[in-house]
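J.: kindly return the folded structure for what I paste below:
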Amino acid sequence: IKYLYPYVDSIGVNEQELVAALNGFVLLAKVDDDEIMDFSSSILSIKESLELNYKFVTKYLEVKYPNVSRVQYHTVGHFITCYDPEIWDSAEDSLLKSAYISSNICLHSSNKRPS
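T.: Below is the predicted model of the structure:
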(Lines give C-alpha, C1' and ligand atoms only; values in the text may rest on other atoms or scores of the structure.)
Protein backbone atom coordinates (compact mmCIF):
# COMPACT_ATOMS: atom_id res chain seq x y z
CA ILE A 1 0.00 0.00 0.00
CA LYS A 2 2.55 2.58 1.01
CA TYR A 3 4.75 1.86 -2.02
CA LEU A 4 2.09 1.76 -4.73
CA TYR A 5 -0.90 3.89 -3.75
CA PRO A 6 0.95 7.25 -3.66
CA TYR A 7 1.80 6.86 -7.35
CA VAL A 8 -1.45 5.70 -8.94
CA ASP A 9 -4.74 7.40 -9.76
CA SER A 10 -6.84 4.29 -10.37
CA ILE A 11 -7.08 1.01 -8.46
CA GLY A 12 -8.81 -2.25 -9.33
CA VAL A 13 -9.48 -4.88 -6.66
CA ASN A 14 -11.47 -8.05 -6.26
CA GLU A 15 -13.15 -9.10 -2.99
CA GLN A 16 -10.01 -10.74 -1.59
CA GLU A 17 -7.79 -7.80 -2.54
CA LEU A 18 -10.27 -5.34 -1.05
CA VAL A 19 -10.20 -7.14 2.31
CA ALA A 20 -6.39 -7.34 2.14
CA ALA A 21 -6.16 -3.60 1.38
CA LEU A 22 -8.53 -2.72 4.21
CA ASN A 23 -6.52 -4.91 6.59
CA GLY A 24 -3.34 -3.22 5.40
CA PHE A 25 -4.80 0.19 6.13
CA VAL A 26 -5.93 -0.95 9.58
CA LEU A 27 -2.41 -2.17 10.35
CA LEU A 28 -0.69 0.89 8.89
CA ALA A 29 -3.08 3.45 10.36
CA LYS A 30 -3.49 1.61 13.66
CA VAL A 31 -7.14 2.60 13.77
CA ASP A 32 -8.60 1.45 17.09
CA ASP A 33 -12.22 1.12 16.01
CA ASP A 34 -11.42 -1.16 13.06
CA GLU A 35 -10.73 -4.85 13.26
CA ILE A 36 -8.84 -7.13 10.95
CA MET A 37 -11.32 -8.91 8.68
CA ASP A 38 -10.99 -12.56 7.81
CA PHE A 39 -11.04 -14.00 4.32
CA SER A 40 -13.43 -16.82 5.19
CA SER A 41 -16.13 -15.70 2.80
CA SER A 42 -15.04 -14.52 -0.60
CA ILE A 43 -18.62 -14.31 -1.78
CA LEU A 44 -20.09 -10.97 -0.75
CA SER A 45 -23.56 -9.65 -1.37
CA ILE A 46 -23.86 -6.44 -3.34
CA LYS A 47 -24.79 -4.65 -0.10
CA GLU A 48 -21.64 -5.94 1.63
CA SER A 49 -19.55 -5.02 -1.42
CA LEU A 50 -20.92 -1.47 -1.44
CA GLU A 51 -20.34 -1.04 2.29
CA LEU A 52 -16.72 -2.24 2.08
CA ASN A 53 -16.04 -0.08 -0.98
CA TYR A 54 -17.54 2.96 0.73
CA LYS A 55 -15.32 2.36 3.75
CA PHE A 56 -12.29 1.84 1.50
CA VAL A 57 -12.85 5.06 -0.42
CA THR A 58 -14.03 7.40 2.36
CA LYS A 59 -12.06 6.24 5.36
CA TYR A 60 -8.74 5.45 3.77
CA LEU A 61 -8.23 6.62 0.20
CA GLU A 62 -9.71 10.10 0.58
CA VAL A 63 -7.72 10.65 3.77
CA LYS A 64 -4.37 9.04 2.97
CA TYR A 65 -4.22 8.92 -0.84
CA PRO A 66 -6.34 11.69 -2.40
CA ASN A 67 -4.56 11.13 -5.75
CA VAL A 68 -6.59 7.91 -6.19
CA SER A 69 -9.66 9.13 -8.03
CA ARG A 70 -11.11 5.86 -9.31
CA VAL A 71 -11.67 2.45 -7.73
CA GLN A 72 -12.99 -0.49 -9.67
CA TYR A 73 -14.24 -3.42 -7.66
CA HIS A 74 -14.79 -6.61 -9.59
CA THR A 75 -16.09 -10.03 -8.62
CA VAL A 76 -17.46 -12.97 -10.53
CA GLY A 77 -20.95 -11.53 -10.02
CA HIS A 78 -20.60 -7.78 -10.48
CA PHE A 79 -18.44 -4.72 -11.19
CA ILE A 80 -18.62 -1.51 -9.19
CA THR A 81 -16.72 1.61 -10.24
CA CYS A 82 -16.43 4.68 -8.03
CA TYR A 83 -14.81 7.68 -9.66
CA ASP A 84 -14.41 11.43 -9.43
CA PRO A 85 -16.45 12.88 -12.32
CA GLU A 86 -14.24 15.99 -12.35
CA ILE A 87 -11.29 13.81 -13.38
CA TRP A 88 -12.79 10.87 -15.28
CA ASP A 89 -15.36 11.30 -18.07
CA SER A 90 -17.13 8.05 -17.23
CA ALA A 91 -16.61 4.53 -15.93
CA GLU A 92 -17.62 2.96 -19.22
CA ASP A 93 -14.10 2.49 -20.63
CA SER A 94 -12.75 0.81 -17.51
CA LEU A 95 -15.78 -1.47 -17.24
CA LEU A 96 -15.61 -2.51 -20.90
CA LYS A 97 -11.87 -3.19 -20.74
CA SER A 98 -12.24 -5.22 -17.54
CA ALA A 99 -15.10 -7.26 -18.93
CA TYR A 100 -13.19 -7.90 -22.14
CA ILE A 101 -9.99 -8.97 -20.39
CA SER A 102 -11.70 -11.15 -17.80
CA SER A 103 -13.86 -12.90 -20.40
CA ASN A 104 -10.83 -13.58 -22.60
CA ILE A 105 -8.86 -14.99 -19.69
CA CYS A 106 -11.75 -17.20 -18.61
CA LEU A 107 -12.43 -18.47 -22.12
CA HIS A 108 -8.85 -18.94 -23.26
CA SER A 109 -8.24 -22.63 -23.98
CA SER A 110 -4.90 -22.78 -22.13
CA ASN A 111 -6.65 -21.70 -18.94
CA LYS A 112 -9.11 -24.59 -18.92
CA ARG A 113 -8.92 -26.60 -15.76
CA PRO A 114 -9.06 -30.36 -15.83
CA SER A 115 -12.44 -31.76 -14.87
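J.: how near is the residue nearest the centre of the chain to Tyr73?
T.: When Cα atoms, centre = their mean is applied to the chain, the residue found nearest the centroid is Val13 (2.9 Å). Distance, Val13 to Tyr73, by Cβ to Cβ, to the nearest Å: 6 Å. Where you see a C-beta, it was placed from the backbone N, CA and C, and this is true even at glycine.
J.: contact partners for the residue nearest to the centre of the chain?
T.: Shown in contact with Val13 (Cβ atoms under 8 Å, 6 or more residues apart in numbering): Ala21, Val71, Gln72, Tyr73, His74.
J.: quick one: which of these sit in strands?
T.: Val71, Gln72, Tyr73, His74 (DSSP state E).
J.: give the buried residues for stretch 76-88.
T.: For stretch 76-88, the buried set under the neighbour-count rule, 16 or more other Cβ atoms under 10 Å, comprises Ile80, Thr81, Cys82, Tyr83, Trp88.
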